[in-house]
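Participant: coords please:
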Amino acid sequence: MFSNRFNRWTVAAIALMGTAIATVPGAVLAQTPDHPSDTAAQFPNRNDLKALTTSGSYLAARHASVERDAASAAAFYRSALRTDPKNNELLDRAFISSVADGDIDEAVKLAERILTIDKTNRVARLVVGVHDLKFKKYATAQTNINQSIRGPITDLVATLLSGWAAYGAGDAKGGVATIDKLAGPEWYPLFKDLHAGMILELSGKEKDAGTRFERAYKLDDSMLRVTEAYARWLSRNKDSAAATAVYQAFDKKLARHPLIVEGLRDTKAGKKMPPLADSAQAGAAEALYGIGATLTRRGGEDLALVYLQLSLYLQPTHPLALLSLADLYESVKRPQMAIKVYERVPATSPLKRNAQIQLAIDLDSADRTDEAIKILKGVTTDDAKDLEAIMALGNLERGRKKFGDCGATYSRGIDVLPAGNDKANSVWYYYRGICEERSKEWGKAEADMKKALELQPDQPHVLNYLGYSWIDQGVNLDEGMKMIKRAVEQRPDDGYIVDSLGWAYYRIGNYEEAVKNLERAIDLKPEDPTINDHLGDAYWRVGRTLEAKFQWAHARDLKPEPDDLPKIEAKIANGMTEDTSNSSAAQAEKKKDDGKGG
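Facilitator: Okay, here's the model as predicted:
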């Protein structure tokens, strides 16, 4: 499979990285396409790339591939290819990286070179075929696409694309027949009926299209695009009530999806809604998006990336393809790439608001928090009852320790919470309670924590937070310890909650039990600096001083918070004194700000 080959290409040896770093000029190393607005971090220009040797470009490209930076990888591979134009491996890698980057025009040029060497290269055939389809060269599109077949997924994609190319060439009947002839796994019929219906719809055979849409809908009424296609057909060929009922059934399964909300609004207003696709190119884009999005959810990111980029090549503003591509980048820990994709979602799309929320989350993860807050405040200003956006803003402020701000933000959400959803509503009081406690408003925080437990009894994180807070203050000790133990019973593998139990024992002076539970917490979260520091303190109290210093040294090396580092270093140098004991308690208090416990 293509995805396996791509995986092999993108596994760079660690030993090569040092050579690559030594070979690449220093100015180029820091240059990535991730921050296009940063003048200090521009993408490598032609002069930069000319300065690299072939081996330097190759190694830099391999490293970029490991980092899933397709833009940089493509640029470096093409640079290496210019100095070694007969190297078929470089040609192949430059081609794949260009596809992954979405630079399909460049990929087509490379694919044509590949096909002069290897006429059987299926991925090259697919890319050239999609290019032909885009520019309405339907006969050559079918020829190339039909030669890209290999395996269940690629068979289905190629067949759907071939069907759409046939429709574009004026042979809708032949296009549907091509799709109908395909035999394969049990999940084929859903896609076959959907796309056959769409082709029939555009060719004026509305009755036949309705039969196909109804059949697809009965196969899976939870698939968004099947629901939309069928409801749109019903709005034109039956009545608005029937279309509304289809939308309402989906809304019960997944409440308030923006496209469903829009569909409900339009059908209730009696509108006759247009088909999902209005051309062969749009239909092919739907096919590529549908399979790409499915692969993304099932762990096939490499092949999904190719299909989604090709979908967007055919239909650059397809909002669902854009969101799926951004989600893919997030799943492989490339938020900077996701940011660029979210920014491409059209302002007129009902999905723009979803894109804005995710864009803000990714901006914050890239330390562009002010931009993120500005976006979320804009979304919540547009709709003061948008609980998802309000929650995202509150979580961002809480994560950045803006406790006064997040308390006010969560209050805005609480003011508009719907009645009757106690479990979902509980988390609002819990999060606001954290912000209040961190803002030294314990009375309000305690009331909110109790309210959260009233709405969702035995919620482990709330039990942990409230129970630990009581013990830390020296009040309600028995009840507080019971709460933490109940939390541990529910989440025995949560290192933060187990740490809370150990630290609670420490605070009441039961150091032996503290050691036992903190050692368990370390087993669960070995790389957490605070838990390591706690265990060091407990070891010191039971006379295991050498182990205590080892544990503190480990905490130091795990990059603790800047404010905590001097305190840890002081304990390494001098052991525990009264001052360091107090600072450890303060540090444990700070640990609670993420809502994960003591």
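
Participant: Can you tell me which residue sits nearest the middle of this protein?
Facilitator: residue 330 (3.2 Å; CA atoms, centre = their mean).

Participant: quick one: what helix or strand has it in it?
Facilitator: Using DSSP states H and E, residue 330 sits within helix 319-331.

Participant: Could you give the average pLDDT over the following helix or strand past that helix?
Facilitator: As assigned by DSSP H and E, the chain's next helix or strand after helix 319-331 is helix 335-342. For helix 335-342, mean pLDDT is 95.

Participant: which of the residues in helix 335-342 are buried?
Facilitator: 335, 336, 337, 338, 339, 340, 341, 342 (16 or more other CB atoms under 10 Å). To be clear about C-beta, it is placed using only N, CA and C from the backbone, and glycine gets the same treatment.

Participant: again, but for stretch 417-426
Facilitator: Quick answer for stretch 417-426 (16+ other CB under 10 Å): 425, 426.

Participant: any idea how far it is from the chain center?
Facilitator: For stretch 417-426, the separation from the chain centroid amounts to 26 Å (computed by CA atoms, centre = their mean, to the nearest Å).

Participant: Could you work out the end-to-end span of it for me?
Facilitator: With CA to CA, to the nearest Å as the measure, stretch 417-426 spans 10 Å from end to end.

Participant: who touches residue 104 in this structure?
Facilitator: Counting by CB atoms under 8 Å, 6 or more residues apart in numbering, residue 104 touches 98, 127, 130, 131, 309, 310, 313.

Participant: ok, back up a step: for residue 543, state which of the buried residues of helix 335-342 is nearest.
Facilitator: Nearest to residue 543, judged by CB to CB, of the buried residues of helix 335-342 is residue 335 at 46.7 Å.

Participant: So the closest one is in contact with residue 368, correct?
Facilitator: No. The pair residue 335 / residue 368 is not scored as a contact, 10.0 Å apart, by CB atoms under 8 Å.

Participant: Could you tell me how many residues sit around the residue lying closest to residue 117 once chain neighbours are set aside?
Facilitator: Leaving aside its chain neighbours, residue 117 sits nearest to residue 88 (6.2 Å; criterion: CB to CB, 6 or more residues apart in numbering). Residues lying near residue 88 (other CB atoms under 10 Å) number 12.

Participant: Check the gap between residue 88 and residue 81 for me.
Facilitator: Applying CB to CB, to the nearest Å, the value for residue 88 to residue 81 is 10 Å.

Participant: how about the nearest residue to the residue nearest to the centre of the chain, chain neighbours excluded?
Facilitator: Nearest residue to residue 330 in three dimensions, chain neighbours excluded: residue 338, at 4.9 Å (CB to CB, 6+ apart).

Participant: show me what contacts that neighbour?
Facilitator: 326, 327, 329, 330, 358, 359, 362.

Participant: if we can go back for a sec, could you list every helix and strand in contact with the helix holding residue 330?
Facilitator: helix 280-297, helix 301-314, helix 335-342, helix 352-365 (3 or more CB pairs under 8 Å, 6 or more residues apart in numbering; DSSP states H and E).

Participant: wait, what's in contact with residue 277?
Facilitator: With contact taken as CB under 8 Å, 6+ apart, residue 277 is in contact with 198, 202, 283, 285, 286.

Participant: please redo it, this time with the cut-off set to 7 Å
Facilitator: Going by CB atoms under 7 Å, 6 or more residues apart in numbering, residue 277 touches 198, 202, 283, 286.

Participant: Was I right to think the second one contacts residue 280?
Facilitator: No. Under the contact definition of CB atoms under 7 Å, residue 202 does not touch residue 280, with a separation of 8.4 Å.

Participant: Need the residues touching each of the two.
Facilitator: Listed as contacting both residue 202 and residue 280 by CB under 7 Å, 6+ apart are residue 167.

Participant: between these two, which one's more packed in?
Facilitator: Using other CB under 10 Å, the more surrounded residue of residue 202 and residue 280 is residue 280, with 26 against 22.

Participant: ok, the residue nearest to that one when sequence neighbours are not counted - contacts?
Facilitator: Once flanking residues are discounted, residue 280 sits nearest to residue 168: 3.2 Å by CB to CB, 6+ apart. Neighbouring residues of residue 168 by CB under 7 Å, 6+ apart: 133, 136, 138, 280.

Participant: Among these, which are located in helices?
Facilitator: Counting by DSSP state H, the contacts of residue 168 place 133, 138, 280 in helices.

Participant: just to revisit the earlier point, quick check: ChimeraX command selecting the buried ones in the contacts of residue 168.
Facilitator: Listed next is the ChimeraX selection for buried residues among the contacts of residue 168, using 16+ other CB under 10 Å:
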select :133,138,280
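
Participant: picking that back up, ok and the helix holding residue 330 relative to helix 352-365, angle-wise?
Facilitator: Interaxial angle, helix 319-331 versus helix 352-365 (axes from the mean of the first three to the mean of the last three CA atoms, to 10 degrees): 20 degrees.

Participant: Figure out how far helix 319-331 is from the centre of its chain.
Facilitator: That offset, for helix 319-331, works out to 7 Å (CA atoms, centre = their mean).

Participant: That one versus helix 335-342: what angle between them?
Facilitator: Per the same axes, to 10 degrees, the angle that helix 319-331 makes with helix 335-342 is 170 degrees.

Participant: residues of helix 319-331 that come out buried?
Facilitator: If you call a residue buried by 16+ other CB under 10 Å, then helix 319-331 has these buried ones: 319, 320, 321, 322, 323, 324, 325, 326, 327, 328, 329, 330.

Participant: What of stretch 360-378?
Facilitator: 360-366, 368-369, 372-373, 375-376.

Participant: Quick check: end-to-end length of that stretch?
Facilitator: One end of stretch 360-378 to the other measures 11 Å (CA to CA).

Participant: average pLDDT across that stretch?
Facilitator: Per-residue pLDDT over stretch 360-378 has a mean of 97.

Participant: What are the contacting residues of that stretch?
Facilitator: Residues from elsewhere that reach stretch 360-378 (CB under 7 Å, 6+ apart): 330, 335-336, 338-339, 356-357, 359, 389, 392-393, 396, 400.

Participant: got the residue ranges for the helices in the stretch 1-150 of the chain?
Facilitator: Remark: helices assigned in the stretch 1-150 of the chain by DSSP state H, counting those that start in this stretch are 2-9, 14-23, 26-29, 46-50, 54-66, 70-83, 88-101, 104-117, 122-134, 138-146.

Participant: which parts of the helix or strand where residue 551 lies are buried?
Facilitator: Following DSSP H and E, the helix or strand that holds residue 551 is helix 545-557. Neighbour counts over helix 545-557 (16+ other CB under 10 Å) mark 547, 548, 549, 550, 551, 552, 553, 554, 555, 556 as buried.

Participant: swap in stretch 269-280?
Facilitator: Residues 273, 275, 276, 277, 280 are the ones in stretch 269-280 that count as buried (16+ other CB under 10 Å).

Participant: Check stretch 251-266 too.
Facilitator: Quick answer for stretch 251-266 (16+ other CB under 10 Å): 251, 257, 259, 260, 262, 263, 264, 266.

Participant: Could you point out which residue ranges in the stretch 201-350 of the chain have low pLDDT?
Facilitator: Of all residues in the stretch 201-350 of the chain, none has pLDDT under 70.
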